[in-house]
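Q: Need a 3D model of the sequence below.
(2 chains)
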Protein chains: 2
Amino acid sequence: MLEDKNTQRTSLESLGEFALIKHLTQHFELIHDSSLKGIGDDAAVLDFKGLKTVISTDLLVEGVHFDLSYVPLKHLGYKSVIVNLSDIYAMNAKATQITVSVAVSNRFGLEALEEFYAGVAMACKLYEVDLVGGDTTSSTKGMLISVTAIGVAEEKDIIYRKGAKPNDLLVVSGDLGGPYLGLQVLEREKEVFKVNPASQPDLEPYQYIVERQLKPEARKDIIALLEKLDVKPTAMIDISDGLSSEILHLCEQSEVGCNLFEDKIPLDPTVISTAEEFKMDSTMIALSGGEEYELLFTIDQKDFDKIKGNPDLTVIGHMTEKKEGAHLVTRANTKIPIQAQGWNSFSE
Amino acid sequence: MLEDKNTQRTSLESLGEFALIKHLTQHFELIHDSSLKGIGDDAAVLDFKGLKTVISTDLLVEGVHFDLSYVPLKHLGYKSVIVNLSDIYAMNAKATQITVSVAVSNRFGLEALEEFYAGVAMACKLYEVDLVGGDTTSSTKGMLISVTAIGVAEEKDIIYRKGAKPNDLLVVSGDLGGPYLGLQVLEREKEVFKVNPASQPDLEPYQYIVERQLKPEARKDIIALLEKLDVKPTAMIDISDGLSSEILHLCEQSEVGCNLFEDKIPLDPTVISTAEEFKMDSTMIALSGGEEYELLFTIDQKDFDKIKGNPDLTVIGHMTEKKEGAHLVTRANTKIPIQAQGWNSFSE
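A: Predicted coordinates for the structure are as follows:
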């Protein structure tokens, strides 16, 4: 999983900014008819032919959002795209274009940026999005990445965070807690490595959660699945900051309450065993971990039969009247108010 | 011109990310019908009703693109928007929306971000663009800004860098060299201040060029003027990296050459006098300075009468066959090849 860092190094100043952008983006092809003009002018030109445009942007900072001592640059390029595409899918839209801007300090060489863009290219190919713009510049310290994702949808198909009604079912895709625990494993290995640089980490038992951390996927497949099942969620959000935080967003914007059932939260066996190993509570991790990029949505009860038994979808609760508040119903059948314990980059 | 830095300081961690974004953007209003949904969901939703969408993005890094020891945060917010709108106008499009992402280290308090967003708001109001999204996060060092600007145009109106023909006239708006010299003045004052913190800078004689550096404007007015004059440029670019660099972009993409006449380059008297004071060549500064955000475009000769005598537009040369290359014709009537000496953030 973990790759060797490149040792070869071509200095960026020897290329200059324009040549650098050209070099890094030369193999990107535009596949969408809507991409009239990509990189190479003052702006990209897109044609959505009357469809609604959906746009989202994220900023990733080295030392805050990622640690290059265990994140391979190719994975980072891939993940930078994924986290933005996830926002587009969370609107029930089709992702079509991205722009990627990168600032790097002079400790990075051309080969490092090539690795990063190889990851961007992999995500573009797999998710069928066009790279249409960006900026490449230097930083005084570390690496900074800004991605803007663009998508399209018909107005009738767009799903907002508001729209959930009391008695709607609360559904989540995939399973939770993996990326957070994957990060704990990587952090632990980093500490071991500091003490004994000759040590070889055995990440095999943790492969699933480490991969969830390093190479997350956006749930484009769930959008397609819901369409196939003829289910239109009433409200939807993606899980980037932790389940509890995202549930509260849905409740606030839809003006409803919620009962979330602890025993329904989908957890992978690796999450349960690793949480035990770290002496952490797996429910707490599922509630507050984040970075899953799973979709969290509400559906009308009449749609339950359509999703029942689908291995990718789990009903974890239901919405209530606003005055009842948002609660976790524990295995012991006690009700605890849900609190936003999502990730706050300013609190560290 | 230079404002006192805020001394009051409310820590960002006391607010949390969501409350922070809400707080900073609460006074922004959406004015465009095309802004269906702004901040507050996974993505903004826009409706361009069949018009082409134009999109551009820039990354600004403290210590590389700006120095907070003399750039007031309000001006920085304003300028961050302007540099992106300029790219939209350079496509002959109408700027309609922006997203603004900011990362700051813990040395910044809430009041600092409020100042920054006040500048963003000022630019949004004056240029009639809606803030529809963004990201606010922490950095390990300094301040980073990423802005994406979105605009619309009918396909027939969009002007690319390619399209210039031999014998077309080369036209520039405004005057050149001011922002670069304004920066030199500010850098000099910073050095003086380091030696004697009690010194009060007298920036009065340099007001025009310092303002050009700190509070640039994008030439929305020129786009309107050209429409009014019924002139459609054959190719267009904005000047962010220096006249010579932008001319070469036009030549390369249009596959033409160019003769640029030194004695035609528009210079403000302050630029000439300050260049003399700094013992610098004003032509060199106009060629390589950058950050003017003026528009550089080519027009068919038949349109010359329509722009003749306009104080905002100066014909500075004409395009030639590609094989003739791009040259500066000096006051002494010698021809010198134009070289890209624009700003390269990696060379420092």
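
Q: my guess is residue A:298 contacts residue A:167, does it?
A: No - when contacts are counted by CB atoms under 8 Å, residue A:298 is not listed as touching residue A:167 (9.7 Å). Every C-beta, even on glycine, is put in place using the N, C-alpha and C of the backbone.

Q: Between those two, point out the one with more neighbours.
A: residue A:298 (26 against 13; other CB atoms under 10 Å in any protein chain shown).

Q: tell me, what's touching residue A:298 and residue A:167 both at once?
A: Common contacts of residue A:298 and residue A:167, defined by CB atoms under 8 Å, 6 or more residues apart in numbering or on different chains, comprise residue A:319.

Q: how's chain A carved up into domains?
A: What automatic domain parsing lists as the domains of chain A is A:17-157, A:169-347.

Q: Tell me which of the ones you listed sits most buried.
A: Highest mean neighbour count among these (mean count of other CB atoms under 10 Å in any protein chain shown): domain A:17-157, with a mean of 22.

Q: pLDDT of that domain, averaged?
A: Here domain A:17-157 scores 91 as its mean pLDDT.

Q: That domain spans what distance, first to last residue?
A: End-to-end distance of domain A:17-157: 41 Å, with CA to CA, to the nearest Å as the criterion.

Q: before we move on, the earlier item: present the domains of chain A as CSV; the columns should include distance to chain B.
A: Formatted as CSV, the domains of chain A follow (distance: least, CB to the nearest CB, whole Å):
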stretch, distance to chain B
domain A:17-157, 4
domain A:169-347, 4
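
Q: would a markdown table of these with distance to residue B:231 be doable?
A: Output for the domains of chain A, formatted as a markdown table (distance: least, CB to CB, whole Å):
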| stretch | distance to residue B:231 |
| --- | --- |
| domain A:17-157 | 19 |
| domain A:169-347 | 45 |
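
Q: Tell me which of the ones you listed sits nearest to residue B:178.
A: domain A:17-157 (21.0 Å; CB to CB).

Q: Return the distance of the closest one from the chain's centre.
A: Centroid displacement of domain A:17-157 relative to its chain, using CA atoms, centre = their mean, to the nearest Å, is 14 Å.

Q: Check stretch A:236-252 too.
A: For stretch A:236-252, the distance to the chain centre is 13 Å (CA atoms, centre = their mean).

Q: Output that stretch as PDB, nothing but the C-alphas.
A: Presented in PDB, the C-alpha positions along stretch A:236-252 are these (Å, rounded to 0.1, in the frame of the first residue of the first chain):
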ATOM      1  CA  MET A 236     -28.900  14.200   1.600                       C
ATOM      2  CA  ILE A 237     -25.400  15.100   2.800                       C
ATOM      3  CA  ASP A 238     -22.000  13.400   2.600                       C
ATOM      4  CA  ILE A 239     -20.100  12.300   5.700                       C
ATOM      5  CA  SER A 240     -16.800  14.200   5.900                       C
ATOM      6  CA  ASP A 241     -16.900  15.600   9.400                       C
ATOM      7  CA  GLY A 242     -18.500  12.600  11.300                       C
ATOM      8  CA  LEU A 243     -21.900  11.100  11.400                       C
ATOM      9  CA  SER A 244     -23.200  13.100  14.400                       C
ATOM     10  CA  SER A 245     -22.200  16.400  12.800                       C
ATOM     11  CA  GLU A 246     -23.800  15.500   9.500                       C
ATOM     12  CA  ILE A 247     -27.100  14.300  11.200                       C
ATOM     13  CA  LEU A 248     -27.300  17.700  13.000                       C
ATOM     14  CA  HIS A 249     -26.900  19.500   9.700                       C
ATOM     15  CA  LEU A 250     -29.800  17.500   8.200                       C
ATOM     16  CA  CYS A 251     -31.900  18.100  11.300                       C
ATOM     17  CA  GLU A 252     -31.100  21.800  11.400                       C
END
